[in-house]
Structure formats: C-alpha cells, structure tokens
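Chemist: kindly generate the corresponding structure for this input.
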Amino acid sequence: MKITVNPARKVANRVNSIALVRCLLTVENEAGRSLSPGDDRVLVINPGSTSTKFGIYTRRGAEWVRTIRHGDEELARFGGRPMVARLEYRWTLIMQSVEDAGYKVNELAAFAGRGGLLPPMTCGTYLVDDAMVEELRQARRGEHASNLGALLALKFAQAAGVNAYIVDPVTADEWQECARLSGTPLIERSAIGHVLNTKAVARRFAREQGRTYEALRLVVAHMGSGITVSAHRDGRMIDNNTPEEGPLGPDRTGSLPVRELIKLCFSGRFAQKELDRKVFGDGGLFAYLGTRDLQEVERRIDAGDREAAKVFDAMVYQIAKEAGAMAAVLEGKVDAVLLTGGMAHSARMLERLCRYLEWIAPIRVYPGEDELQALAEGVFRVLDNEEKAKRLWEEGRNPAEARASRAPLVIGLE
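Modeler: Predicted coordinates:
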C-alpha cells in the first residue's frame, strides 16, 4: 500500500505523531524499567564535535539517555591537539554521569561507540581490537570526534572485563565497483556517509513491513547537518553521495562546477584552508543566508524573505535530484523512499520533497536520528548470536594498501 504524505497538513500530522510517541517513550525511559531475568544492559556512546550522546539500552530499547554539550571554553582547552587528547576528559564526564544515575559499569554486558575514520570496510558490528585502536590513535585517515567512539567504549569495557564494539562506521564501504570511478584515474570516489542511521532506518522499515532488509530495494535520504542520499540493494548500501558531492546542506556546498572551483583555487584569493572552509563548514545555507539553522530559514520564509525561500527550494530540489539518481542506480525498481535526519522534522521540506519523489515509490518518514539505538541493536545482534562480530583486518585487506588510499573528507558529518 502506498503511503501518502501529501498535502503538508498530513505530513505535519505524521511528524507530530512520531514526535509525540518519542516523547512518551522518553518519559517512560526516564522513569526506569526493571529488567527481566537474562536481559542485558549495554552502554552506547556517540561522540560529536560539540556534544557527546550516550545511554543505557536493553533489548527493549533506551532505558536512560544523556547528552553532554561541550562549550567553547571546553573546546578551546583542546584546540590544536589531536582528538585522542580528549579521551580521558570525555570518559570522566560519561563515567560520572553513569554513576550518578545509579549504574555500575561492571554490571553492563558490553559497550559500543560510533565508528570513526577507519579504512574501508563492510557494514556490520566490529570488535574493538588492537589494530582498530592503532588506526584511530594514529588518525591516519583524518581527525574527527567519531574517532573517540571506539576508544571510549574500549576504556569502559576494559574496566568491566567485557567486549567493546563499533557498528556500521562512517567509512563502511559496500559500493558496487562502477560507483568508485570519478571520471579520472587521478581521483577515486571514497565511500563515506551517515551509514549508522541510514542502515538502522532501512532495517526498521524492513521489520515494519515484515520483510528482510536484504529483500528490499530502497532509497534513503539522511538529512541533517550533512546529507547522505543512498541506494540499497541485497542488504548493501551500493552507492551514495559523499560529503564532497550531492546536495547543498546547512553548511556545505555539495557538488560544485569543477572548472569554476579550479579557478578559485588558483585565484590567489584564498589559502587552502580558507577555501576548504568555504566548501565544508561555511557553505550551503550559511554561505547564502548567514545561518545553519533550518528553523531560522523557515521563519524568514514565513516573514516573506524571498532569498531564503529561493535557497531553501534549491536545497530541496538538489536532495530530490540526488534521490532520483539513486532510484536510477536501482534501475527504477524501488520498494520505498525513506526520509530521515533532523531536517525531516520540517513539514515544509517534506511536503516539497514529496512532490518530487512520490512517483518513485511509497514514502516513509523517520524524523531525527537514533544512532544510539542503532549501536545498541548491533551489539545485541552479536550477543544473541544473530551476527558474528567482525575484525578490522579479517577480510583480507592489506593494511598498507588501505592506508595508502585517499583519506576521506569528513567535515560536517554529524
């Protein structure tokens, strides 16, 4: 049955209904729930540049969730230092919060962190081992807050005497071979994107339909501070736009006219870091409107700001165009289009996107992201023997070859 999300009122009602359900669940979780015999608790951690999200989960879902915001003063304390320098600081904050909530670390069954900038690897749940720790500590593929995820999880796990895991890291690579060619052998496309939430939403939709993820052909658009639009077939994420491609977002440009970009590079107007910032961090909505806040953009539109309306419509248009490209990757045989991420809370955005996309397949909306839940589900699949935990180098790739491959650009991935 096709799910209709037009007109805008129906979209708004759907978003509000989902938000209400999540609110009720949060209240229930805050109240705490007793565990059934044999039920396990796991601690999952999602470190970001300006915040650290973490929570205690059981097989039934979130039991307790917290977010620690890292202000400018805290961030300035570690300015210019490698990301690993923040490990002890963030671990102490999490540990204090967990203990204050009445949990004992040595009673938890496992720990998981968001996967960082690792060599290309297939999706799945991975054991945090020495090889992974070395990769993340050396930051060979770049510095990013997500690199702390596995290290934080391991530090807790060692104290409890259990295992630590990561799930569906940002560099997970399930692309088909033809997707890797860019147009010149000088540059190869590298798989990177919002894999964790994208895969979690795809699996959730499959469960709701009473089908397996592997049996579905899906287009999934994660729309947050970064935008990842992907094609899924046979249980694999076979293509997606990377952070340096695709639609303009809140603070990145997306794809640019290459020859004009080359001219800018050699114009003498910008140093490399300055121009990089113009593309990743100060691009997109911010470049045109001076704000990264979609709600602020919509307030301006409501007040009659034509420029804000034009830029907003351009972003929606580009997201839709990317989704159409992914439908073509699937040869037009698409079971559903899934819309997720923070911007999926916007009724205005959903209404416009649906005009573009409803011809492709039924549309399902999953506002926000639930990466903590996705981490927990990955761990429980291993604990319940539904999935075998993988290791970084068990798939036969040569570490030296992986390190020699081009490091991905990750600014704005959160």
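Chemist: can you give me the helices for the stretch 201-350 of the chain?
Modeler: Using DSSP state H, counting those that start in this stretch, the helices of the stretch 201-350 of the chain run over residues 258-265, 272-279, 284-289, 294-302, 306-329, 347-357.
Chemist: any buried residues in the longest one, and which?
Modeler: Spelled out, that is helix 306-329. If you call a residue buried by 16 or more other CB atoms under 10 Å, then helix 306-329 has these buried ones: 308-309, 311-312, 315-316, 318-320, 322-324, 326-327, 329. All C-beta atoms are positioned from the backbone trio N, CA, C, and that covers glycine.
Chemist: just the fourth one next, same as before
Modeler: Judged by neighbour count (16+ other CB under 10 Å), helix 294-302 contains these buried residues: 294, 297-298, 300-301.
Chemist: Serialize those residues to JSON lines and add fields for distance to Ala153.
Modeler: Listed next are the buried residues of helix 294-302 as JSON lines, based on distance: CB to CB, whole Å:
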{"residue": "Leu294", "distance to Ala153": "31"}
{"residue": "Val297", "distance to Ala153": "36"}
{"residue": "Glu298", "distance to Ala153": "37"}
{"residue": "Arg300", "distance to Ala153": "41"}
{"residue": "Ile301", "distance to Ala153": "42"}
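Chemist: now those as CSV including pLDDT and distance to Gly149?
Modeler: Formatted as CSV, the buried residues of helix 294-302 follow (pLDDT from 0 to 100; distance: CB to CB, whole Å):
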residue, pLDDT, distance to Gly149
Leu294, 95, 26
Val297, 97, 31
Glu298, 98, 32
Arg300, 98, 36
Ile301, 98, 37
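Chemist: so which of the residues you listed would you say is closest to Leu375?
Modeler: Leu294 (25.7 Å; CB to CB).
Chemist: the closest one and Ala62, how far apart?
Modeler: Using CB to CB, to the nearest Å, Leu294 is found at 25 Å from Ala62.
Chemist: Lys390 too?
Modeler: Spatial separation of Lys390 from Ala62 under the definition CB to CB is 25 Å.
Chemist: ok, now Ser190?
Modeler: Separation of Ser190 from Ala62 (CB to CB) stands at 33 Å.
Chemist: you'd agree Gly115 is up against Ala153?
Modeler: No: using CB atoms under 8 Å, Gly115 makes no contact with Ala153, being 10.1 Å away.
Chemist: can you show me the strands along the stretch 1-150 of the chain?
Modeler: With strands called from DSSP state E, counting those that start in this stretch, the stretch 1-150 of the chain shows them at 42-47, 51-58, 61-69, 110-114, 125-127.
Chemist: quick one: low-confidence parts of this protein?
Modeler: When residues are selected by pLDDT under 70, those of the chain lie in 1-38, 72, 75, 395-414.
Chemist: show me the domain layout of it.
Modeler: Here the domain parsing of the chain from automatic domain parsing is 32-194+370-414, 213-368.
Chemist: turn those into CSV, including distance to Ala200.
Modeler: CSV is the format used below for those (distance: least, CB to CB, whole Å):
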stretch, distance to Ala200
domain 32-194+370-414, 3
domain 213-368, 9
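Chemist: so which of the ones you listed gets nearest Val201?
Modeler: Once these are compared by CB to CB, domain 213-368 is nearest, at 4.8 Å.
Chemist: end-to-end on the closest one?
Modeler: Separation of the first and last residues of domain 213-368 by CA to CA, to the nearest Å is 21 Å.
Chemist: ok, back up a step: among the domains of the chain, which comes closest to Phe205?
Modeler: Nearest to Phe205, of all the domains of the chain, is domain 213-368, at 5.7 Å by CB to CB.
Chemist: for the closest one, what is the distance to the chain centroid?
Modeler: Relative to its parent chain, domain 213-368 has a centroid offset of 14 Å by CA atoms, centre = their mean, to the nearest Å.
Chemist: separation between the closest residue to Ile360 other than its chain neighbours and Asn106?
Modeler: Of all residues not flanking Ile360 in the chain, Ala327 sits nearest, at 4.8 Å (CB to CB, 6 or more residues apart in numbering). Remark: distance between Ala327 and Asn106 (CB to CB) = 49 Å.
Chemist: again with Glu135
Modeler: Glu135 is 28 Å from Asn106, by CB to CB.
Chemist: higher neighbour count, these two?
Modeler: Neighbours were counted for Glu135 and for Asn106 using other CB atoms under 10 Å; Glu135 has more, 22 against 10.
Chemist: test my guess that that one contacts Leu392.
Modeler: Yes: at 7.0 Å, Glu135 counts as touching Leu392 under the criterion of CB under 8 Å.
Chemist: who touches both of these two?
Modeler: Contact criterion CB atoms under 8 Å, 6 or more residues apart in numbering; residues shared by Glu135 and Leu392: 118-119.
Chemist: for the residue nearest to Ile360, give me its contacts.
Modeler: By CB under 8 Å, 6+ apart, the contact list for Ala327 reads 219, 231, 334, 337, 360-361.
Chemist: from the residues you listed, pick the one nearest Asp251.
Modeler: Closest to Asp251, out of all of these and judged by CB to CB, is Val219, at 24.0 Å.
Chemist: tell me the bridge partners for the closest one.
Modeler: Applying DSSP bridges to Val219 gives these bridge partners: Ala231, Val337.
Chemist: backbone dihedrals for the residue sitting nearest the centre point of the chain, please?
Modeler: Residue closest to the average C-alpha location in the chain (CA atoms, centre = their mean): His194, at 3.1 Å. Backbone torsions for His194, taken as degrees, to the nearest 10, come to phi -80, psi 70.
Chemist: surely it and Gly226 touch.
Modeler: Yes: counting by CB under 8 Å, His194 does reach Gly226; the two are 6.5 Å apart.
Chemist: do you know how far Gly113 is from Asp39?
Modeler: Note on Gly113: its distance to Asp39, by CB to CB, is 22 Å.
Chemist: next: Trp64.
Modeler: Noted for Trp64: a distance of 14 Å to Asp39, by CB to CB.
Chemist: more neighbours: which of those two?
Modeler: Comparing Trp64 with Asp39 by other CB under 10 Å, the one with more neighbours is Trp64, at 20 against 12.
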